[in-house]
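A.B. asks: have a look at this fold, sequence not included:
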Ligand code: B4P
């Protein structure tokens with residue numbers, strides 16, 4: 001089993017690259033953003049709670065997303081490996097993920113961290129907001145709040161995995177295919 005974390009600030013291209021990576025490597029895609037948006041669409045109690053945080057550009061409480069990931073791992077016993085997209089986003093989520101994977105006698109193989117400048121992130125998210133209908137892309141204030149939340153709570157996740165020598169930084173600006181090829185080079189090195 002080979003498990004990957006695709007890491008980076010909001011709008012760094014995690015969702016975009018995940019689609020390509022799961023198809024190349026046959027991994028199960030676990031995106032907490034997608035899982036939360038599907039709970040919101042289904043108007044579940046969890047979705048309604050999550051929405052109140054997401055609309056303000058804030059992270060959803062740890063226990064909510066950890067519970068969702070735990071359920072998703074249990075639901076996919078035969079997976080060849082998992083691609084975690086947008087999770088973990090706090091140190092508590094990182095520790096919880098390590099424990100959940102240990103129970104499955106596996107671990108994170110690599111953390112691929114996409115590097116994108118703040119101005120490019122804001123530009124991409126506002127552009128997506130024109131068509132996505134996503135309330136968290138709707139206006140510079142909420143977009144900047146998400147980036148601030150990333151610096152306050154999420155950037156430490158890279159430090160956490162760096163302690164185990166698992167982090168590789170990959171430039172996240174340029175064409176989608178160019179970035180994808182650079183990510184594949186890093187994965188292939190570790191699969192050998
Ligand atoms: P997510 O759904 O994870 O999404 P994201 O941060 O917006 O972006 P991503 O990096 O996937 O960007 P994308 O590829 O789409 O999170 C949404 C919210 O959910 C969070 O703010 C939080 O509230 C909540 N949440 C999720 N997980 C959580 C957790 N674990 N704990 C707590 N809360 C959680 O790319 C963005 C745009 O850029 C797209 O329009 C794309 O077309 C464009 N783009 C991509 N690559 C490009 C390139 N190379 N060049 C130009 N444009 C590019």
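C.D. replies: Thanks, I have it. Everything numeric here is computed off the predicted structure, so don't read it as measured data. Numbers count the residues shown, from 1 in each chain.
A.B. asks: all contacts plus neighbour counts: C-alpha atoms, from now on.
C.D. replies: Noted.
A.B. asks: quick one: name the residues of this protein near the ligand.
C.D. replies: Contact residues, the chain versus the ligand (Cα under 6 Å from any ligand atom): 10-16, 32-34, 54, 57-60, 65, 86-89, 124-125, 128, 146, 173-176.
A.B. asks: now list the buried members of these.
C.D. replies: 10-15, 32-33, 54, 57-60, 65, 86-89, 124-125, 146, 173 (16 or more other Cα atoms under 10 Å).
A.B. asks: need the strands for the chain, in chain order.
C.D. replies: 3-7, 28-31, 82-85, 108-115, 167-171 (DSSP state E).
A.B. asks: contacting residues for the nearest residue to residue 33 once chain neighbours are set aside?
C.D. replies: In this structure, residue 33 finds its nearest non-sequential neighbour in residue 86, 6.6 Å apart by Cα to Cα, 6 or more residues apart in numbering. The neighbourhood of residue 86, defined by Cα atoms under 8 Å, 6 or more residues apart in numbering, consists of 6-8, 14, 31-33.
A.B. asks: next one: residue 92
C.D. replies: residue 62.
A.B. asks: how near is the spatially closest residue to residue 128 that is not a sequence neighbour to residue 118?
C.D. replies: Closest residue to residue 128 apart from its sequence neighbours, by Cα to Cα, 6+ apart: residue 137 at 6.9 Å. Going from residue 137 to residue 118 by Cα to Cα, to the nearest Å gives 15 Å.
A.B. asks: which one of the two has more residues nearby?
C.D. replies: Between residue 137 and residue 118, counting by other Cα atoms under 10 Å, residue 137 is the more crowded of the two (27 against 15).
A.B. asks: that one is in contact with residue 126, isn't it?
C.D. replies: Yes. Contact criterion Cα atoms under 8 Å: residue 137 and residue 126 qualify, at 5.9 Å.
A.B. asks: just the residues of the chain next to the ligand: which are in helices?
C.D. replies: 14-16, 32-34, 54, 65, 124-125, 128, 146, 176 (DSSP state H).
A.B. asks: was I right to think residue 97 contacts residue 91?
C.D. replies: No. Using Cα under 8 Å as the test, residue 97 is too far from residue 91 to be in contact (9.8 Å).
A.B. asks: what's around the residue lying closest to residue 80 once chain neighbours are set aside, how many residues?
C.D. replies: Nearest residue to residue 80 in three dimensions, chain neighbours excluded: residue 1, at 5.3 Å (Cα to Cα, 6+ apart). By other Cα under 10 Å, 14 other residues sit near residue 1.
A.B. asks: what of residue 38?
C.D. replies: Residue 38: 13 neighbours (other Cα under 10 Å).
A.B. asks: which residues touch it?
C.D. replies: residue 47.
A.B. asks: what's the pLDDT at it?
C.D. replies: Residue 38 is assigned a pLDDT of 96 by the prediction.
A.B. asks: and if you look at residue 129?
C.D. replies: Taking residue 129 on its own, its pLDDT is 95.
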